[in-house]
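Student: can't give you the sequence, but here's the structure:
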Ligand code: ADP
Ligand code: MG
């Protein structure tokens with residue numbers, strides 16, 4: 001009997017979902033950050049994310065409101081990744097009989113704060129008993145304003161690979177936490193990610209941007225998803241990496257390689273895009289003018305090969321897979 005660990009997370013999804021059909025209302029189905037569906041003459045983005053105790057969070061590590069806030073942010077980030085605005089959340093929990101009510105109340109306070117910062121609302125959910133720890137399921141419905149959206153599919157050979165913000169900080173925060181190392185600002189970032197909603201909506205309105213996703217599993221793996229969905233390869237150039245100051249200091253102190261956090265650390269929730277090279281510099285400047293946030297070029301798409309290369313060398317197994325560690 002084959003175990004799911006042989007397939008890996010993405011092989012398992014492909015295997016289980018192969019029998020599901022699309023219909024005329026489904027613009028983009030399984031395989032992107034969120035589905036794009038047509039309802040009447042409007043387009044919406046829909047996504048769901050699960051948060052399981054001892055898989056996604058450990059009780060006692062994170063402040064409880066941060067557990068809730070992060071669950072909501074991560075789910076809303078998948079709407080941002082399509083260029084959408086999160087509007088409605090459906091929130092379900094499985095709770096042990098002896099769960100601490102104040103702990104749950106704090107989690108929900110975190111969710112409320114995250115949701116309100118995007119003018120989204122919680123409209124329902126489900127509550128059941130759990131036999132092992134706490135499970136939180138967040139489903140989000142987003143609006144694609146003006147029917148504008150971007151898929152992972154769309155990167156062309158020669159396009160630049162760009163990302164928003166700074167990468168690797170959340171991964172370094174997790175490292176600090178797990179090893180009891182000092183790194184308050186890294187840990188804070190790990191617990192308080194931000195969904196790049198306004199940024200995603202703007203990027204989706206720019207014709208030179210050909211494809212977009214959010215970075216939840218590390219730049220290496222997610223650049224591979226963007227390239228793979230687009231049927232092209234990508235070369236990541238580490239000399240272009242712009243490291244956050246706190247990440248640089250942390251790595252110096254502990255003799256760690258910051259590039260590894262950028263490539264393999266997860267949960268940055270920054271946006272990753274493919275851009276027509278002719279408009280690359282203009283986009284980078286306009287983005288910074290608008291958002292006071294960096295767009296950084298970290299690679300180039302190519303039709304010379306498939307998959308991810310880092311500084312020209314083929315790599316596999318970068319980043320996070322739930323069944324392969
Ligand atoms: P992300 O990391 O952006 O949240 P995932 O890697 O979790 O995306 O999911 C990839 C795609 O597979 C998405 O389109 C998602 O909706 C779909 N998917 C994941 N798990 C399942 C499942 N059990 N059944 C159906 N579709 C799934
Ligand atoms: Mg995603």
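Tutor: Great, that's in hand. Given the structure is predicted, the values throughout are model-derived calculations rather than measurements. Ligands and ions are numbered 1, 2, ... in the order given.
Student: Does residue 301 lie in a helix or a strand, and which?
Tutor: Residue 301 is located in strand 295-302, with elements delineated by DSSP states H and E.
Student: so what strands line up beside that strand?
Tutor: Strand 295-302 sits in its sheet next to strand 160-164 (antiparallel), strand 233-236 (antiparallel), going by DSSP bridges.
Student: residues in contact with that strand?
Tutor: Residues outside strand 295-302 that contact it (C-beta atoms under 8 Å, 6 or more residues apart in numbering) are 155-164, 219, 223, 227, 230, 232-237, 240-242, 273-274, 277, 280, 283-284, 287-288. Using the backbone N, CA and C atoms, a C-beta is placed for each residue, glycine as well.
Student: Any residues of this protein in contact with ligand 2? List them.
Tutor: Within reach of ligand 2 by C-beta under 5 Å from the ion, the chain has these residues: 33, 78, 214, 216.
Student: Check the burial of residue 74 by counting its neighbours.
Tutor: Other residues near residue 74 come to 23 when the count uses other C-beta atoms under 10 Å.
Student: which SS class is whichever residue of the stretch 101-250 of the chain sits closest to ligand 2?
Tutor: Of all residues in the stretch 101-250 of the chain, the one sitting closest to ligand 2 is residue 214 (4.4 Å; C-beta to the ion). Three-state call for residue 214 (DSSP: H, G, I helix; E, B strand; the rest coil): strand.
Student: State the pLDDT value of the nearest residue to it once chain neighbours are set aside.
Tutor: Distances taken as C-beta to C-beta, 6 or more residues apart in numbering put residue 81 closest to residue 214, at 3.8 Å, once the chain neighbours are dropped. With respect to pLDDT, residue 81 scores 98.
Student: Residue 81 against residue 222, yeah?
Tutor: No: counting by C-beta atoms under 8 Å, residue 81 does not reach residue 222; the two are 10.0 Å apart.
Student: Between these two, point out the one with more neighbours.
Tutor: Ranked by neighbour count (other C-beta under 10 Å), residue 81 and residue 222 place residue 81 first, with 34 against 28.
Student: how far away is the more buried one from residue 145?
Tutor: For residue 81, the distance to residue 145 (C-beta to C-beta, to the nearest Å) stands at 15 Å.
Student: what's the answer for residue 168, then?
Tutor: Residue 168 is 31 Å from residue 145, by C-beta to C-beta.
Student: who's more crowded, the two?
Tutor: Neighbours per residue, other C-beta under 10 Å: of residue 168 and residue 145, the larger number sits with residue 168, 30 against 15.
Student: Model confidence for the residue lying closest to that one once chain neighbours are set aside, exactly?
Tutor: In space, and not counting its chain neighbours, residue 168 is closest to residue 261: 3.2 Å by C-beta to C-beta, 6+ apart. Residue 261 is assigned a pLDDT of 97 by the prediction.
Student: can you give me the helices for the stretch 1-150 of the chain?
Tutor: 4-17, 64-80, 101-116 (DSSP state H, counting those that start in this stretch).
Student: ok now do the nearest residue to residue 62 once chain neighbours are set aside, which residues does it touch?
Tutor: Excluding the flanking residues, the one nearest residue 62 by C-beta to C-beta, 6+ apart is residue 191, at 5.1 Å. When contacts are counted by C-beta under 8 Å, 6+ apart, residue 191 is found next to 62, 63, 66, 69, 70, 173.
Student: What is the burial count for the fourth one?
Tutor: Other residues near residue 69 number 24, with proximity taken as other C-beta under 10 Å.
Student: That one is in contact with residue 192, isn't it?
Tutor: Yes: counting by C-beta under 8 Å, residue 69 sits close enough to residue 192 to count as a contact (6.6 Å).
Student: returning to what we had before: now tabulate the strands paired with strand 295-302 in CSV and tack on distance to residue 38, mean pLDDT and mean neighbour count.
Tutor: Listed next are the strands paired with strand 295-302 as CSV, based on distance: least, C-beta to C-beta, whole Å; pLDDT from 0 to 100; neighbours: other C-beta atoms under 10 Å:
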stretch, distance to residue 38, mean pLDDT, mean neighbour count
strand 160-164, 28, 98, 24
strand 233-236, 31, 98, 24
